[in-house]
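In: give the three-dimensional model of this entry:
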Amino acid sequence: MKSQWNDAQAADCADPLSLRVYTSRLLGREASLVLHGGGNTSVKATATDVFGDSLDTLYVKGSGWDLATIEAAGFAPVRMDALLKLAEKDVLSDTDMVRAQRMAMLDPSAPNPSVEAILHALIPFAFVDHTHADAVVSISNTPDGEARLRELYGERVLIIPYVMPGFDLSQTVRAMTRDVDWQALDGMVLMHHGVFSFADDGRESYETMIRLVSAAEKYLSTHAVYESPMAAKSGENFLLHLARLRKAASSLRGAPVLAMLNGSAEAVSFAADSEAVEAIQRGTLTPDHVIRTKPWPLLVGEDVRASVERFSEQYRAYFNRHADASLTCLDASPRWAVWPGYGCVSFGRSVQEAGIVADITAHTRPAVLHAEAMGGWTPVCESDLFAVEYWELEQAKLGKGGDAPLHQGKVALVTGAASGIGKACVDALQAQGAAVVALDMNPAVAEMFDAAQVLGLVCDVTDDVALKAAVEAAIGRFGGLDILISNAGIFPPSRKIADMDAQSWQQSMALNLTSHQRLLAFCQPYLALGIDPAVVLVASKNVPAPGPGAAAYSVAKAGLTQLGRVAALEMAEQGIRINMLHPNAVFDTAIWTDDVLAARAAHYGLNVEAYKTNNLLGVEVTSRQVAELAAAMAGPLFACTTGAQLPVDGGNERVI
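Out: Okay, the predicted model is just below:
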């Protein structure tokens with residue numbers, strides 16, 4: 001690991017707090033130091049209160065802030081005298097500690113101070129850096145980890161046995177350093193937890209951290225050499241197994257989750273290493289990871305459902321071993337899985353949550369292999385993991401927030417997604433929490449959405465091979481399929497039946513009808529394994545009320561509606577709901593070019609503006625309104641509805 005210090009950038013820091021922000025961000029750039037908010041930093045400075053009095057103040061990282069992006073507002077200003085008095089107490093509950101620290105803040109709008117604020121106050125240097133460095137923790141998670149660390153760092157680093165973060169840790173460090181010459185130390189290592197560096201100069205504290213971690217990385221490179229096997233599997237049923245795995249995990253969690261597969265060579269090799277797979281069952285890289293990952297991963301066997309049920313039984317037994325009557329068991333659903341032959345799977349209610357799990361476990365796997373090469377993976381004991389997982393302060397962090405969005409954790413596929421109704425459906429579903437696969441012939445579809453939550457794929461839906469591959473890509477990316485909005489279509493030029501050319505007719509049938517049937521066929525096996533699966537077919541007002549000159553379009557959409565009715569009959573036993581929307585005069589869609597719009601308005605003897613609101617309610621129907629209704633039809637409001645046809649047309653007298 002190399003120092004990222006830049007003299008020119010540092011020169012712009014006008015005060016200790018701005019320098020603290022700068023060096024904190026340098027640490028935050030390194031995921032192997034502060035993965036997903038791990039670690040904290042502080043600086044001691046003088047602040048002026050409302051009365052004009054100068055106060056010794058600790059500016060410490062606030063809860064909820066990430067070092068990679070932290071700003072001055074992310075540091076909570078706490079009176080030093082109050083923190084040092086708290087340190088003198090013999091007993092202090094975590095709840096009382098948090099309350100007392102908040103009462104000692106100089107800015108009531110600032111975030112809650114880190115639970116390690118008292119410890120930062122006790123360290124007699126202006127700048128204090130604390131990280132959860134992978135390399136250091138990997139060494140500590142071995143049978144003789146303390147001896148190895150002493151061999152590596154000598155007397156310049158104080159080794160602290162594992163203690164729960166918060167007040168207990170501050171008391172342990174306070175007791176161990178009563179007779180210690182702080183000036184003789186470069187830092188502290190907290191076994192199974194992380195490393196501290198400190199100095200009165202911001203650069204020195206930061207570069208000491210880099211030096212300590214670099215030494216650990218070099219040590220691992222010579223003392224922890226390992227090889228893992230590579231044993232990848234393949235098979236046409238793999239994606240169905242993944243969808244079954246996701247459904248079982250969702251059922252256990254009581255809510256839909258995504259199941260995101262890491263099928264990289266590294267993940268596949270780890271999953272094929274029986275010793276590593278056994279070792280990972282012993283615990284997490286650092287105890288705080290248990291909040292995100294549970295104490296161990298799911299091991300996926302031949303029977304996916306039985307594997308998930310076995311995990312649940314093991315987790316409940318773990319809870320019963322350590323819980324008292326005051327605790328309620330959390331959901332017993334896995335957060336990640338090791339799947340021999342296929343790699344590793346991370347579960348989450350959102351792409352972000354699953355991504356955090358994936359990142360944490362990606363750092364954990366090499367740490368396990370390093371430790372195994374040095375005598376064995378030896379993280380904190382199970383009771384210590386349980387104490388962190390059921391720590392009241394950590395639970396409070398996860399409990400924040402209101403009700404989940406309507407489609408949180410669901411997976412949707414939308415065709416014709418680059419414009420009009422299709423794009424509006426993608427936007428609506430994404431806003432309601434779904435992960436979405438967006439298909440369109442327009443190459444822009446690959447770039448126009450949030451790449452994390454929406455997989456945009458260029459696809460000609462009339463091409464069976466491409467369409468099947470796109471469906472499989474959806475399953476491979478998010479683990480399953482719950483919602484299908486089959487929307488892609490064209491509006492051919494207006495021609496009477498006698499004047500209809502074969503190409504226009506066949507093109508309309510291929511896209512407006514046949515492609516939907518092929519898509520339904522490809523999606524049905526995965527929808528059958530989905531969570532409250534629903535299909536919305538975007539048909540047309542032309543089904544109940546066709547107009548002259550639109551035979552190719554009207555016949556195809558009528559066939560699509562009949563296809564939906566038959567599908568509703570056939571798929572009901574699998575719990576799949578099929579409903580049809582009949583929009584009319586939705587003019588912000590790709591099929592309504594200026595020429596088409598002008599021609600249709602002229603056909604009815606209207607100008608364009610009058611034609612747009614030519615319905616009983618005198619309103620203009622928009623893509624967003626159609627999309628919101630489509631999203632609603634895929635939700636619980638329509639849980640008892642299938643085979644229905646619903647107009648979205650402002651009221652059409654010919655339909656009514």
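In: outline the domain layout of the protein.
Out: When the chain is parsed with automatic domain parsing, its domains come out as 7-223, 238-396, 411-589+620-648.
In: could the ones you listed go into a markdown table alongside mean neighbour count?
Out: The way it works is simple: take the backbone N, C-alpha and C, and place the C-beta from them, glycine included. A markdown table is the format used below for the domains of the chain (neighbours: other CB atoms under 10 Å):
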| stretch | mean neighbour count |
| --- | --- |
| domain 7-223 | 19 |
| domain 238-396 | 20 |
| domain 411-589+620-648 | 21 |
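In: ok, residue 286 touching residue 133?
Out: No: with contact defined as CB atoms under 8 Å, residue 286 does not count as touching residue 133 (9.8 Å).
In: so what sits against both of the two?
Out: Among the neighbours of residue 286, those also in contact with residue 133 (CB atoms under 8 Å, 6 or more residues apart in numbering) are residue 194.
In: now distance to residue 1 and mean pLDDT too, for the domains of the chain, in CSV please.
Out: CSV is the format used below for the domains of the chain (distance: least, CB to CB, whole Å; pLDDT from 0 to 100):
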stretch, distance to residue 1, mean pLDDT
domain 7-223, 5, 95
domain 238-396, 14, 94
domain 411-589+620-648, 27, 96
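In: residue 607: which of these is closest?
Out: In this view, these are compared for proximity to residue 607 by CB to CB, and domain 411-589+620-648 is the closest at 13.4 Å.
In: tabulate the domains of the chain in JSON lines, adding columns for distance to residue 597.
Out: Rendered in JSON lines, the data for these read as follows (distance: least, CB to CB, whole Å):
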{"stretch": "domain 7-223", "distance to residue 597": "46"}
{"stretch": "domain 238-396", "distance to residue 597": "38"}
{"stretch": "domain 411-589+620-648", "distance to residue 597": "6"}
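In: so which of the ones you listed gets nearest residue 610?
Out: Counting by CB to CB, and looking across all of the domains of the chain, nearest comes domain 411-589+620-648 at 11.0 Å.
In: between the two ends of that closest one, how far is it?
Out: Between the opening and closing residues of domain 411-589+620-648 lies a distance of 25 Å (CA to CA, to the nearest Å).
In: so is the closest residue in space to residue 447 that isn't next to it in sequence in a helix, a strand, or just coil?
Out: Closest residue to residue 447 apart from its sequence neighbours, by CB to CB, 6 or more residues apart in numbering: residue 456 at 6.8 Å. For residue 456, the reduced secondary structure class is strand; criterion used: DSSP: H, G, I helix; E, B strand; the rest coil.
In: check contacts around the closest residue to residue 48 other than its chain neighbours.
Out: For residue 48, ignoring the flanking residues on the chain, the nearest one in space by CB to CB, 6+ apart is residue 54 at 5.8 Å. For residue 54, the contacting residues are 46-48, by CB under 8 Å, 6+ apart.
In: now distance to residue 546 and secondary structure too, for those residues, in a markdown table please.
Out: Shown next, in a markdown table, are the contacts of residue 54 (distance: CB to CB, whole Å; DSSP: H, G, I helix; E, B strand; the rest coil):
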| residue | distance to residue 546 | secondary structure |
| --- | --- | --- |
| 46 | 80 | strand |
| 47 | 75 | strand |
| 48 | 77 | strand |
